[in-house]
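# Turn this into a model:
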Amino acid sequence: MIRSLFDSRRKRGFFVLQLLCSLLFQQATWLWTVFSWPVLTGMLLSSLIYAFVIQGFFADIFDRNAVERVQQTLTLPMALPLVRERVWQELQARYGRRARVQGEGHFEVRTACSFKSWGESLSVDLAEAGGAATQVHLCSQPRFPLTLIDWGKNRANVESMVRALTQK
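Next up, the predicted model:
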């Protein structure tokens, strides 16, 4: 059980963050009291217990919603110029002016902040797959590097684009 609370780097980092926040909060309240070793020991012990409880509470959430860079590649049976136009129209319809053309076959989108995330960076790369086929590579990752939980936003971005491109 304890091993599952610390089996990833993010979980260990979150535990240390909780421990430090708890200690800082208690340090602020401790400034108003007289120094004594029993009080200091109690602060450290209660901070450690608090961090373990919070870690146990969030361990399942981390397992289900941990941030991950989501990538998917698909091949569409259409020529590259048609796919390029279709991807551009879909990005414009979904994200408006936040969609940018970075090159001949590369598109970038920076989504806005929401209650679920600080925003994501979605990239679409196009390449010819031979004949009248085009390979589309989608990648979504958080914009803010210290994001711990993305609540499935990156996966949803990629899956919605895949659905939109394969439906028509």
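
# residues in contact with the closest residue to residue 91 other than its chain neighbours?
Residue nearest to residue 91 in three dimensions, not counting chain neighbours: residue 99, with 3.9 Å by Cβ to Cβ, 6 or more residues apart in numbering. C-beta coordinates here come from the backbone N, C-alpha and C atoms, glycine included. With contact taken as Cβ atoms under 8 Å, 6 or more residues apart in numbering, residue 99 is in contact with 88, 91-92, 107-109.

# Then residue 117?
Residue 117 sits in contact with 111, 142, 147, 150-151, 153, where contact means Cβ under 8 Å, 6+ apart.

# Mark which of those are buried, thanks.
Applying a neighbour-count criterion of 16 or more other Cβ atoms under 10 Å, the buried members of these are 111, 142, 147, 150, 153.

# Out of those, which is nearest to residue 52?
When the buried ones among the contacts of residue 117 are compared for distance to residue 52 (Cβ to Cβ), residue 147 wins out at 23.3 Å.

# Make sure I have this right: the closest one is in a strand.
No - membership of residue 147 in a strand is not supported by DSSP: H, G, I helix; E, B strand; the rest coil, which gives coil.

# rewinding a little: just to be sure, which of the buried ones among the contacts of residue 117 are found in strands?
residue 142 (DSSP state E).

# Just the CA trace of stretch 96-107, in PDB.
Output of stretch 96-107 as PDB, limited to C-alpha atoms (Å, rounded to 0.1, in the frame of the first residue of the first chain):
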ATOM      1  CA  GLY A  96     -10.400  29.900 -33.800                       C
ATOM      2  CA  ARG A  97      -7.500  32.300 -33.800                       C
ATOM      3  CA  ARG A  98      -5.400  30.200 -31.400                       C
ATOM      4  CA  ALA A  99      -4.600  27.800 -34.300                       C
ATOM      5  CA  ARG A 100      -1.300  28.600 -36.100                       C
ATOM      6  CA  VAL A 101       0.300  27.200 -39.200                       C
ATOM      7  CA  GLN A 102       4.000  26.600 -38.400                       C
ATOM      8  CA  GLY A 103       5.100  25.100 -41.600                       C
ATOM      9  CA  GLU A 104       4.000  23.300 -44.700                       C
ATOM     10  CA  GLY A 105       2.700  20.300 -42.800                       C
ATOM     11  CA  HIS A 106       2.800  21.500 -39.200                       C
ATOM     12  CA  PHE A 107       0.100  23.100 -37.100                       C
END
